[in-house]
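Test case, fold it:
(chains A and B)
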There are 2 protein chains.
Amino acid sequence: MLSSDDNNIFLGIDGGGSKCKAIVMSAENKILGTGISGPGNPLHGFEQATSSIVTSAKLALADAGIAESSLQNIVAGVGLAGVNLPVLFDQMKNWQHPFKTMHLATDLLIACLGAHQGKDGAVIISGTGSCGFSYVDGEEFTVGAHGFPHGDKGSGAWFGLQAAKQVLLSLDGLVATSSLNNKLLTMLNVSTGVELVEAIAGKPAAFYARMANLVFDAAEQGDQIAFAIIQEGASYIDNVAMQLTKRCPPRLSLIGGLTPRLLPWLAGDVQKSLSAPLNSPEVGAVFFAKQQSQNVNSTCRAGK
Amino acid sequence: MLSSDDNNIFLGIDGGGSKCKAIVMSAENKILGTGISGPGNPLHGFEQATSSIVTSAKLALADAGIAESSLQNIVAGVGLAGVNLPVLFDQMKNWQHPFKTMHLATDLLIACLGAHQGKDGAVIISGTGSCGFSYVDGEEFTVGAHGFPHGDKGSGAWFGLQAAKQVLLSLDGLVATSSLNNKLLTMLNVSTGVELVEAIAGKPAAFYARMANLVFDAAEQGDQIAFAIIQEGASYIDNVAMQLTKRCPPRLSLIGGLTPRLLPWLAGDVQKSLSAPLNSPEVGAVFFAKQQSQNVNSTCRAGK
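From the prediction side, this is the model:
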């Protein structure tokens, strides 16, 4: 086992609704180890989130060949979904964490820093949820990130929910039937409206997000109803891109699990404005931790 | 205390998502007593639903001056939200209930029987949720009743959700601001998008339904965005009415908590086709129990 001190090892955490990813990196940005555990979003419970963070961190340390006991010597950048809500930010900030120092940020900031190698930029995220985020001249700006079902238009969950609504209405004879019916009923292994309702009642966003692909499939096969759904969602994402562009980010990236399906449906000028993300959110968390540590050190050197 | 036997006293139960209502009636349809308890919808838990049913029944018996021990001699009609789902119907059907006999039906059937004095007819229900239901020549037909957030268009929860979506989008600068913003933010005592998200995240349909009135208020004060929301919801309810009318119900009633707000927005011919409901759903549950008992007795007399 290697040992570590506080200056040459950094931990980055990306805690989302379904999993928590950790990465251990050297001061020279070399990846030393990675780890993955369960949900790290404190919206779904403080105990589970903090447990997932510690588990993923220990796995990353083990992967790097560093003793678990080194956790207390390591500066961690922790980016979490949900901490844009003040009550959750405060709860996590007061956590008796096992690190030397914890720099807490939203999942959006670390994703943006990761995509742009720690520099200014903007990201559009469309996975289970959706949002836009820019970080320019130290100023954060968010569009969306409202959650499901009241927001997250253009996300996987939103596309899946539109499909479910459409199929339920058509089974009631209130709107036209489309190829979405067969696709959705087959996927969920049901055949009637009552069975469909039983299958989806009370299900979370991640469940609906799994239905998004079939809407894209149907639209690409010429289904006009699916086409209209995709166009509405893509148009919203175009508007998010325009809002971000007003902030003059040097780079703009589209990230999240829906990226490959959504990209071809965006407006031509939006597609042209996109650059590939350079690094993952957990690497962005390390960049964040380093920047915050430098700020503290600068402050110290300035004698404050 | 009076005593009762199995032939002259009937119990009617209307078990919904927020409360369970019970009524005790004589064979001559005289109301002897009523009781109200907590949630009676097995969707939210079998133990809670059955406990609420028994509690409301005992309260109604006490109100009627009948001994609790008489429960075992009484025929009960039990109408429950959720039992349109086969798994919940079976679970409730297998309940070791304390009645002499339990006749189980959906909340929709007992509401329809109540509205039309036990006779054929149809109802449109718009309260927290929405649906249409007809009972003609022994045949049940349902439109909607899909639940929130994937269905229940034109319901209180749906109107509230549209308001929340609209305000969130406008706070992001993606759509025009309307009078819904001030109304909603004031009602929830918040001032920013983040606070609004915090206030509504993970909330159930009943929470959203409480926002419905402000959408109607705004529309009636000339707010064009609220107007469009109300028109979309009312148009859906008009379509539900048309689907029901195809079944040729002798009477059609609009019931549920949103009735007074929604009624003026429906199409003129739909408004004209509506008749006032004659009795409550729990009275409908008594009608159902009596009809089912007569069927059983007829069958017995026929020697089967």
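
Specify the local secondary structure of A:L254.
strand (DSSP: H, G, I helix; E, B strand; the rest coil).

Please enumerate the strands of chain A.
Here chain A has its strands, by DSSP state E, at A:9-15, A:20-26, A:31-37, A:75-80, A:101-106, A:121-126, A:130-136, A:139-144, A:252-255.

The third one pairs with which strands?
By that I understand strand A:31-37. Paired neighbours of strand A:31-37 in the sheet (DSSP bridges): strand A:20-26 (antiparallel).

Around chain B, pick out the residues from chain A.
Residues of chain A found near chain B (C-beta under 8 Å from any C-beta of the partner chain) are A:43, A:84-87, A:143-147, A:149-151, A:153, A:161, A:164-165, A:168-169, A:172-174, A:193-194, A:197-198, A:200-202, A:236, A:239-240, A:243. Just so you know, the C-beta spots here come from the backbone N, C-alpha and C atoms, and that holds for glycine as well.

nearest residue to A:G45 other than its sequence neighbours?
Leaving aside its sequence neighbours, A:G45 sits nearest to A:P39 (C-beta to C-beta, 6 or more residues apart in numbering or on different chains; 7.9 Å).

Roughly how far does the one you found sit from chain B?
15 Å (C-beta to the nearest C-beta, to the nearest Å).

Point out where the stretch 151-300 of chain A drops to low pLDDT.
A:296-300 (pLDDT under 70).

Apart from its neighbours in sequence, what residue is nearest the closest residue to chain B within the stretch 101-250 of chain A?
Of all residues in the stretch 101-250 of chain A, the one sitting closest to chain B is A:P149 (3.7 Å; C-beta to the nearest C-beta). What sits nearest to A:P149 in space, not counting adjacent residues and going by C-beta to C-beta, 6+ apart, is B:P149, at 3.7 Å.

isn't the one you found right up against B:L161?
Yes - the pair B:P149 and B:L161 qualifies as a contact (C-beta atoms under 8 Å) at a distance of 6.3 Å.

the more surrounded of these two?
B:L161 (26 against 19; other C-beta atoms under 10 Å in any protein chain shown).

Nearest spatial neighbour of the more buried one, chain-adjacent residues omitted?
Nearest one to B:L161, counting by C-beta to C-beta, 6+ apart, is B:Y208 at 4.9 Å.

Ok, A:E139 next?
Nearest residue to A:E139, sequence neighbours excluded (C-beta to C-beta, 6+ apart): A:R247, at 7.9 Å.

pretty sure the one you found is touching A:A122, no?
Yes - the pair formed by A:R247 and A:A122 meets the contact definition of C-beta under 8 Å, at 6.6 Å.

residue ranges for the helices of chain A, please.
Taking DSSP state H to define them, one finds helices in chain A at A:46-64, A:86-93, A:107-115, A:156-171, A:179-188, A:193-200, A:205-209, A:212-220, A:224-245, A:259-262, A:268-273, A:281-301.

And these: which comes nearest B:T186?
For B:T186, the closest of those is helix A:86-93, at 19.9 Å, according to C-beta to C-beta.

quick one: contacts of the closest one?
Outside of helix A:86-93, the residues within contact range by C-beta atoms under 8 Å, 6 or more residues apart in numbering or on different chains are A:42-43, A:46, A:49-50, A:78, A:80, A:82-83, A:104, B:194, B:198.

Please tell me how far that helix is from the chain's geometric centre.
Centre-to-centre, helix A:86-93 and its host chain are 18 Å apart (C-alpha atoms, centre = their mean, to the nearest Å).

Taking helix A:46-64 as reference, get the angle to it.
50 degrees (axes from the mean of the first three to the mean of the last three C-alpha atoms, to 10 degrees).
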